[in-house]
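J.: Need the 3D shape of this:
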Amino acid sequence: MEKRPFDIGAALERIEDAVTPWPKAALFELAEEGYTSTFEQLLACIISIRTYDEVTLPVSRKLFAKARTPAAVGRLSWEELDALISPSTFHERKANQILAIAREVEERFGTMLPCDRDVLLSFAGVGPKCANLVLGVACGTPVISVDIHVHRVTGRWGYVRASTPEKTLAALEATLPQRYWIDINRLLVPFGKHICTGNRPRCSTCPVVDMCEQVGVKDHR
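T.: Numbers count the residues shown, from 1 in each chain. Prediction:
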């Protein structure tokens, strides 16, 4: 099949329709449920590290049912917090990180964690991916969050050519129109989970196969 030139706007519009039946990425889903503060989104992002969204969502909801503010989280004992987030991978370490962040936020900022990338990155356990995702979802800041799905899918398209998620981020910042910077993660997480999968992607039902270079695809459904 001869491929059309890649049109990112058309691609994301088609993907928006294609992923409608699937659950949203965890932080976007939590935001729709009202967990929109920078602090809540940061805690959910920490919980999500190396953890499936299917676990992140109920764990985050359980934590926020108990405590949603820096003061309330900071008053929890380590044992209480660890029990609340125990289905999450590396929960013991995350409990330490979350308690330290909650107490530092209350001491430095009171009730509101600011939308400041440098502040977010100053916390132990928070890297660029989490910082960018929180800024995009909680603050509406135009930033790109590159996870494994964004990295794999944009590379498979041939839209960017980069060997690591970090290099994909730099390539997308140079190529992707800024109006799509937040949506690229929102859309490509469910797209990458259910259609453009890591193994045997569903190319036969993909809405952008006419533009996709299918880089590295040896077998598909």
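J.: Okay, now the unreliable bits of this protein?
T.: 1 (pLDDT under 70).
J.: the longest helix in it is where?
T.: In the chain, assigned by DSSP state H, the helix with the most residues is helix 91-109.
J.: tell me which residues in that helix are buried?
T.: Neighbour counts over helix 91-109 (16 or more other C-beta atoms under 10 Å) mark 91, 94, 95, 97, 98, 99, 101, 102, 104, 105, 106 as buried. In short, each C-beta sits where N, CA and C put it, glycine included.
J.: how close does the first one sit to residue 76?
T.: When distances are taken as C-beta to C-beta, to the nearest Å, residue 91 and residue 76 turn out to be 13 Å apart.
J.: residue nearest the centroid of this protein?
T.: Centroid-nearest residue in the chain: residue 133, 5.4 Å away (criterion: C-alpha atoms, centre = their mean).
J.: wait, what's in contact with that residue?
T.: Counting by C-beta atoms under 8 Å, 6 or more residues apart in numbering, residue 133 touches 27, 41, 45, 145, 185.
J.: For it, which non-adjacent residue is closest in space?
T.: Using C-beta to C-beta, 6 or more residues apart in numbering and skipping residues adjacent in sequence, the residue nearest residue 133 is residue 145, 3.9 Å away.
J.: How about residue 187?
T.: Once flanking residues are discounted, residue 187 sits nearest to residue 15: 4.9 Å by C-beta to C-beta, 6+ apart.
J.: I'd say that neighbour and residue 208 touch.
T.: Yes - applying C-beta atoms under 8 Å, one finds residue 15 in contact with residue 208, separated by 6.8 Å.
J.: Between the two ends of stretch 78-91, what distance do you get?
T.: One end of stretch 78-91 to the other measures 11 Å (C-alpha to C-alpha, to the nearest Å).
J.: what does it contact?
T.: By C-beta under 8 Å, 6+ apart, the residues outside stretch 78-91 that reach it are 47-51, 55-56, 58-59, 62-63, 66, 73, 76, 92, 94-96, 98-99.
J.: which of the residues you listed count as buried?
T.: Applying 16+ other C-beta under 10 Å to the contacts of stretch 78-91 flags 47-49, 51, 55-56, 59, 63, 73, 76, 94-95, 98-99 as buried.
J.: Which single one of those is nearest to residue 140?
T.: Residue 140 has its nearest neighbour among these in residue 48, at 19.7 Å by C-beta to C-beta.
J.: Give the full set of residues in contact with that closest one.
T.: 26, 27, 56, 88 are the contacts of residue 48 under C-beta under 8 Å, 6+ apart.
J.: quick one: contacts for the third one?
T.: Taking C-beta under 8 Å, 6+ apart as the definition of contact, the neighbours of residue 56 are 26, 44, 47, 48, 88.
J.: Just give me the neighbour total for the first one.
T.: In other words, residue 26. For residue 26, the count of nearby residues is 24 (other C-beta atoms under 10 Å).
J.: Relative to residue 194, how far out is it?
T.: Between residue 26 and residue 194 the computed distance is 15 Å (C-beta to C-beta).
J.: And the fourth one, by the same measure?
T.: As defined by C-beta to C-beta, residue 48 lies at a distance of 18 Å from residue 194.
J.: The last one now?
T.: In this structure, residue 88 and residue 194 are separated by 22 Å, where distance is defined by C-beta to C-beta.
J.: same check, this time on the third one
T.: In this view, residue 47 and residue 194 are 22 Å apart by C-beta to C-beta.
J.: Appreciated, that's everything.
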